[in-house]
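K.L.:
Structure for the following, please:
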Amino acid sequence: MAPQPVPPDDPLVAEILETVRRLHLDERYRDLDRNPRFPREEFRAMGESGLLGLRTAREFGGRGLPLPRVGVALFHLARASGTAFAKLSLQPEFSSVLVEHGSRELIDAWFRPMVRGERLVGNHLTEPGAGSDAAAIESTAERSGAGYVLRGTKSEAAFAADADAAIVYASVGGKSPGAGITAFLVPQDLPGVQRSPGVGDLGERWQRRGSVVYDGVRVPASYRIGEEGMGFRYVLSELTRERALLAAIYLGVGWASWEDTVRYVGERRAFGRPLSDQEAVAFPLVEDAARLEAAWMYVAKTLEHLESGAVADGEAAMSKWMATDTALSAIDHAIQFHGGRGYSQSLPHEQRWRDVRSGRIAHGPAEIMHVVAARQIWPRPAARP
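P.N.:
Below is the predicted model:
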């Protein structure tokens, strides 16, 4: 009884495990928690190894894998090396609005190099007063000559001080929530960009989240992504895929801790017998196995629906919620049943818990995931003109 999504002899899985071994990604994952920095060397190596742009079409330098296969790849990458490198593998997906709606010039200058691991593009949507309610952003892009003047503050931005460029969302003359929001590719070395790393996070410290102020930044019109006023629609479509793929990552991490714990309790003896003979230990691990496998089946189904073009916003939202909570429960049991060492930094479980905990907040908090799913069951009536 083990929630493995694919047989261990799958060629894609074998390739990923070999890359993890060759690049020592499991060791680097632990080090990035203690010495937070953006791992540019590993990012470049991942690009050279084909781990960036798994879903990206081959014409843009990616592998063009269908979403269910991307989910399998991310599950096993996270299982073997934690959240950091699995999320880095998704970085082109996090910036897919660029390849889906950007000009050929922007794609060639920024997206292709990102797939190769040469340039890092961040995403700046969240603001101090606009987190879950992304339509309430107050950043503005005022038309000026042959371009725009960008003003506003973005908060909780991953790679705040490390990104080479960012996809920035700002309102161009919108008068209602979500209206006028437009996406721009903004190189972070333009005059007026002020970057400041945060004070440190509970987990995923390598992202070095912080704030970025855009103080009268002049952005050429050629750096606009897609049409004016369409940015909010673009990002919603992207978020749906991201949530389902992040679910695969969290389940991979949870499975790693479950597997470690099953092995440990079978070897550790207490009161004259293995811990696995103690029902108080064995039963929670049996339940974790069932929940991990059930969550994976739900995530896999969601990815198949998304690949077919079906509307699956609610399923993707529930995938992320279910995977996060299931993984956190499995990791918490790992900490508990490893005793004092489980609570220490000598084992990876505490870091895994802290990193996966971000899943209840990032890319849509758990509460909003329920709202998204509820709206699929009970659609809101169309607003009157």
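
K.L.:
Helices of the stretch 251-385 of the chain, start to end?
P.N.:
Assigned by DSSP state H, counting those that start in this stretch, the stretch 251-385 of the chain shows helices spanning 279-307, 313-337, 339-342, 349-357, 366-377.

K.L.:
Please convert those helices to TSV, extending it with distance to residue 55.
P.N.:
Bear in mind the C-beta positions are built from the backbone N, C-alpha and C, glycine included. Listed next are the helices of the stretch 251-385 of the chain as TSV, based on distance: least, CB to CB, whole Å:
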stretch	distance to residue 55
helix 279-307	10
helix 313-337	14
helix 339-342	35
helix 349-357	22
helix 366-377	22
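
K.L.:
Out of these, the one nearest residue 203 is which?
P.N.:
The closest of the helices of the stretch 251-385 of the chain to residue 203 is helix 349-357. By CB to CB, the value is 3.2 Å.

K.L.:
same for that closest one, what does it pack against?
P.N.:
The contact analysis (3 or more CB pairs under 8 Å, 6 or more residues apart in numbering; DSSP states H and E) places helix 349-357 against helix 25-34, helix 67-89, helix 231-267, helix 313-337.

K.L.:
Residue 37: neighbour count?
P.N.:
Each residue near residue 37 was counted by other CB atoms under 10 Å, and the total is 11.

K.L.:
Chain neighbours aside, what residue packs nearest to it?
P.N.:
Leaving out its chain neighbours, the residue that sits closest to residue 37 by CB to CB, 6 or more residues apart in numbering is residue 206, at 6.5 Å.

K.L.:
Kindly indicate whether the one you found is helix, strand or coil.
P.N.:
helix (DSSP: H, G, I helix; E, B strand; the rest coil).

K.L.:
And the protein, what are its domain boundaries?
P.N.:
11-99, 121-229, 233-377 (automatic domain parsing).

K.L.:
so where's the stretch 1-150 of the chain shaky on pLDDT?
P.N.:
Across the stretch 1-150 of the chain, the ranges flagged by pLDDT under 70 are 1-4, 6-8.

K.L.:
Show me where it has its strands.
P.N.:
Along the stretch 1-150 of the chain, the stretches classed as strands by DSSP state E, counting those that start in this stretch are 121-124, 140-144, 147-157.

K.L.:
Need the CA coordinates for the first one. CSV is fine.
P.N.:
The C-alpha atoms that make up strand 121-124 are tabulated as CSV, following Å, rounded to 0.1, in the frame of the first residue of the first chain:
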residue,chain,number,x,y,z
VAL,A,121,11.3,36.5,-14.5
GLY,A,122,9.2,37.1,-11.4
ASN,A,123,5.5,38.0,-11.0
HIS,A,124,4.3,41.1,-9.3
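
K.L.:
Other residues contacting it?
P.N.:
Strand 121-124 is touched from outside by 91, 94-95, 98, 110-111, 114, 154, 157-160, 162-169, 185-186, 212, with contacts defined as CB atoms under 8 Å, 6 or more residues apart in numbering.

K.L.:
again, 6 Å this time
P.N.:
If you take CB atoms under 6 Å, 6 or more residues apart in numbering as the criterion, strand 121-124 is touched by 94-95, 110, 114, 154, 157-159, 163, 165-168.

K.L.:
Residue 220 is nearest to which of the helices and strands packed on helix 349-357?
P.N.:
Nearest of the helices and strands packed on helix 349-357 (CB to CB): helix 231-267, 16.9 Å.

K.L.:
can you give me the mean pLDDT across the closest one?
P.N.:
Helix 231-267 comes out with an average pLDDT of 96.

K.L.:
Show me what counts as buried in that helix.
P.N.:
231-232, 234-235, 238-262, 264-265 (16 or more other CB atoms under 10 Å).

K.L.:
quick one: that helix to helix 313-337, angle?
P.N.:
Counting by axes from the mean of the first three to the mean of the last three CA atoms, to 10 degrees, helix 231-267 lies at 30 degrees to helix 313-337.

K.L.:
tell me which strands and helices helix 231-267 is in contact with?
P.N.:
Secondary-structure packing of helix 231-267 (3 or more CB pairs under 6 Å, 6 or more residues apart in numbering; DSSP states H and E): helix 67-89, helix 96-101, strand 181-187, helix 279-307, helix 313-337, helix 349-357.

K.L.:
before we move on, the earlier item: for residue 58, find the nearest of the helices of the stretch 251-385 of the chain.
P.N.:
Closest approach to residue 58 among the helices of the stretch 251-385 of the chain is made by helix 279-307 (16.5 Å; CB to CB).

K.L.:
Can you mark which positions in that closest one are buried?
P.N.:
With burial defined by 16+ other CB under 10 Å, the residues of helix 279-307 counted as buried are 281-282, 284-285, 288-289, 291-293, 295-296, 298-300, 302-303, 305-307.

K.L.:
Could I get the average pLDDT for it?
P.N.:
97.

K.L.:
Tell me the backbone dihedrals of the residue lying farthest from the centre of the chain, please.
P.N.:
In the chain, the residue that sits farthest from the middle, by CA atoms, centre = their mean, is residue 272; the gap is 44.4 Å. Backbone torsions of residue 272, given as degrees, to the nearest 10, read phi 80, psi 10.

K.L.:
Numbering from 438 from now on, please.
P.N.:
In the new count, where the first residue is 438, that last one comes out as residue 709.

K.L.:
Next one: it from residue 461, what distance?
P.N.:
To residue 461, residue 709 is 40 Å away according to CB to CB, to the nearest Å.

K.L.:
With residue 639 instead?
P.N.:
Using CB to CB, one obtains 25 Å as the distance from residue 639 to residue 461.

K.L.:
Over to residue 802?
P.N.:
On the measure of CB to CB, residue 802 and residue 461 end up 34 Å apart.

K.L.:
neighbours of residue 449, just the number please.
P.N.:
Look at residue 449: counted by other CB under 10 Å, it has 16 neighbours.

K.L.:
what's the answer for the one 4 residues further on, then?
P.N.:
Other residues lying near residue 453 total 28 when counted by other CB under 10 Å.

K.L.:
Repeat that for the one 3 residues further on.
P.N.:
One way to gauge burial is a neighbour count; for residue 456, by other CB under 10 Å, it gives 20.
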